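Visitor: Mind looking at a prediction? Sequence and model below.
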Amino acid sequence: MIKKSRKVRDYKELTKALPTMRFLEPESVYIHLQNGRCKTYDLYVKEGDYVKLGEVIGIRHGGFFEQPIHATVSGTVGTVSKKLHRTGRKVDCVEIRNDFKETYHESIVDRTDQAIAELTQDDMVQILKEKSLVGLGGSGFPSYIKLATKEKIDTVVINAVECEPYLSSDYRLILEHPRRVIAGMTYIMQALHVKTGIIAIKKSKDPLYQVLTQVIKGKFPEYDIQVVKLGDYYPQGWEIEVFRNALGIDVPHGELPMKYGVIGFNVSTAAGVYDAIKHNLPVTKRYFTLTGDAIKYPQNYRVKVGTSVKKLIELSDGFKEDYDKVNIIMGGPMMGVSTVSCDVIVSKTTTSVIVLQDTDYEEQPCVRCGSCVYSCPAHLEPVQIMNAVKRNDKDVMKGLGAYKCIECGLCAYVCTSKIHVTDYVRKAKRLIG
Ligand code: SF4
Ligand code: SF4
């Protein structure tokens, strides 16, 4: 029985209509000193030091770049301890005990519109580098590197599709701060000398269309910004799919979209660009979804980076079920990482934590139905890759193009036999490097 599908129930009704709850006064924040891209760091402060909001307290080192680390509250530096990162690994975090005074560091000063209008691409790249802005949709890729492109760009795309089920924090961000998003987008357009921009949304998200078109109307006459509605299927938010459907541009695997005259930024990143350029502010807070059928009161939160998710679970009145009967997923349920603990800290790139009631499906043998093959957006043969993994046949894994997998989770979702096919393809990617 072939079950070809890219329709995934979205469960966003749990949170999307609720106003975002602000929780900006945690007693302590725990700032990640390492992350998925940066394994080493230098910490410039020691226990007992006083720091201000937005102050640089250290630097993370990645393969070919560095990321300044900023305090997200003012207060006193505590100890360094291991905390769970959204990647599922424990990493070093430094505690800052909040003094609740929100004392901004002297570097956090607004730029006038005139001063912004005079900024060049190099200036903006430097600002994003100093403010350590990265892809806030979860990629964590340094935004200054993207913005520094020397390719000729024709169109800037803001990806507001948010296709993962349950997630609605981008949706709320746009509804509550559309100007920040659009202004951030125009700064990107200014840097790259681009006049045409697209904000991509799902066609079922009419309130976003209304609010965005209302803000754009007549306010940014020097730019041609369109809101484009895309299909309600998964993974429509995959950047390559967005470019294909919004612009008719097919970016081949392994090539950079910039080569094709298009560049994409997530909606939270666009808002981050606005804060960095307008207010000289690093990412000190973010929108975050805490949801799932096992949480008593699912909610979107606006929180300080470094906030404990445990605290947010308390604010949501905890779990409906006993702790050992739930699945905790960091990120969306399709692409996220399962974890055994909710003792996780919100980092710049933590979009969500989903807590689901535990429904343990027993895997059945593959019935060769082909559903995974027909549904794969990357045109792979997941079942064949899985078989190659079982045989440890790396040549076949390579030949089947396992490296092209975007880990969208769709093959596992549609599998008639409830096999965790994505895990096999993920493993294949790792095995062939
Ligand atoms: S996880 Fe990979 S193999 Fe599976 S459907 Fe998505 S892209 Fe295809
Ligand atoms: S792995 Fe699952 S979806 Fe793919 S062919 Fe086998 S039973 Fe069907």
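Guide: Now that the structure is in, tell me what you want to look at. Ligands and ions are numbered 1, 2, ... in the order given.

Visitor: Name all residues that make contact with the residue nearest the centre of the chain.
Guide: In the chain, the centroid-proximal residue (CA atoms, centre = their mean) is residue 137; its distance is 1.9 Å. Under the criterion of CB atoms under 8 Å, 6 or more residues apart in numbering, the contact partners of residue 137 comprise 159, 170, 266-269, 349, 351. (Each C-beta comes from the backbone N, C-alpha and C, glycine too.)

Visitor: Now, those that are in helices?
Guide: Counting by DSSP state H, the contacts of residue 137 place 170, 267-269 in helices.

Visitor: how about the helices in the stretch 101-250 of the chain?
Guide: Remark: helices assigned in the stretch 101-250 of the chain by DSSP state H, counting those that start in this stretch are 113-117, 121-130, 143-147, 169-176, 178-192, 206-216, 239-247.

Visitor: Including mean neighbour count and distance to residue 286, could those helices go into TSV?
Guide: Output for the helices of the stretch 101-250 of the chain, formatted as TSV (neighbours: other CB atoms under 10 Å; distance: least, CB to CB, whole Å):
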stretch	mean neighbour count	distance to residue 286
helix 113-117	11	23
helix 121-130	18	16
helix 143-147	21	14
helix 169-176	23	8
helix 178-192	22	13
helix 206-216	16	19
helix 239-247	21	20
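
Visitor: Indicate which one of those is closest to ligand 2.
Guide: Among the helices of the stretch 101-250 of the chain, helix 239-247 comes nearest to ligand 2, with 20.9 Å by CB to the nearest ligand atom.

Visitor: That closest one near ligand 1 anywhere?
Guide: No: judged by CB under 6 Å from any ligand atom, helix 239-247 stays clear of ligand 1, getting no closer than 10.9 Å.

Visitor: closest to ligand 1 among the ones in helices among the contacts of residue 137?
Guide: Of the ones in helices among the contacts of residue 137, the one sitting nearest to ligand 1 (CB to the nearest ligand atom) turns out to be residue 170, at 21.1 Å.

Visitor: roughly how far apart are that closest one and residue 237?
Guide: 9 Å (CB to CB, to the nearest Å).

Visitor: joint contacts of those two?
Guide: Common contact partners of residue 170 and residue 237 (CB under 8 Å, 6+ apart): residue 162.

Visitor: May I have the residues that are in contact with residue 302?
Guide: Per CB under 8 Å, 6+ apart, neighbours of residue 302: 20-24, 285-288.

Visitor: just the residues you listed now: which is nearest ligand 1?
Guide: Closest approach between the contacts of residue 302 and ligand 1, by CB to the nearest ligand atom: residue 288, at 24.8 Å.

Visitor: and the residue in the stretch 1-150 of the chain that ligand 1 sits nearest to, what element?
Guide: Going by CB to the nearest ligand atom, ligand 1 is nearest to residue 6 of the stretch 1-150 of the chain, at 9.4 Å. Residue 6 belongs to no helix or strand when assigned by DSSP states H and E.

Visitor: from memory it sits against residue 410, does it?
Guide: Yes: with contact defined as CB atoms under 8 Å, residue 6 reaches residue 410; the gap is 6.7 Å.

Visitor: between these two, who's got more neighbours?
Guide: Higher neighbour count among residue 6 and residue 410: residue 410, with 26 against 20, using other CB atoms under 10 Å.

Visitor: For the more buried one, give me the pLDDT.
Guide: We have a pLDDT of 95 for residue 410.

Visitor: can you check residue 323 too?
Guide: 62.

Visitor: Same question for residue 140.
Guide: At residue 140, the pLDDT value in this model is 88.

Visitor: ok, it to residue 132 distance?
Guide: Where residue 132 is concerned, residue 140 sits at a distance of 11 Å (CB to CB).

Visitor: neighbours around residue 40, how many?
Guide: Residue 40 has 12 nearby residues by other CB under 10 Å.

Visitor: Which element, helix or strand, includes it?
Guide: strand 38-43.

Visitor: which other helices and strands contact that strand?
Guide: strand 56-62, strand 66-70 (3 or more CB pairs under 8 Å, 6 or more residues apart in numbering; DSSP states H and E).

Visitor: Give me the sheet partners of the least confident helix or strand in the chain by mean pLDDT and which way each runs.
Guide: Every helix and strand of the chain was ranked by mean pLDDT, DSSP states H and E. The lowest is strand 337-339, at a mean of 84. Sheet pairing of strand 337-339 (DSSP bridges) gives strand 326-330 (antiparallel).

Visitor: ok now the partner strand, how far from the chain's centre?
Guide: Mean-position distance between strand 326-330 and its chain equals 17 Å (CA atoms, centre = their mean, to the nearest Å).

Visitor: try stretch 236-252
Guide: Distance, centroid of stretch 236-252 to centroid of chain: 18 Å (CA atoms, centre = their mean).

Visitor: Average pLDDT for it, rounded please.
Guide: Stretch 236-252 shows a mean pLDDT of 95.

Visitor: which residues touch residue 201?
Guide: 160-161, 208-209, 212, 227-230 are the contacts of residue 201 under CB under 8 Å, 6+ apart.
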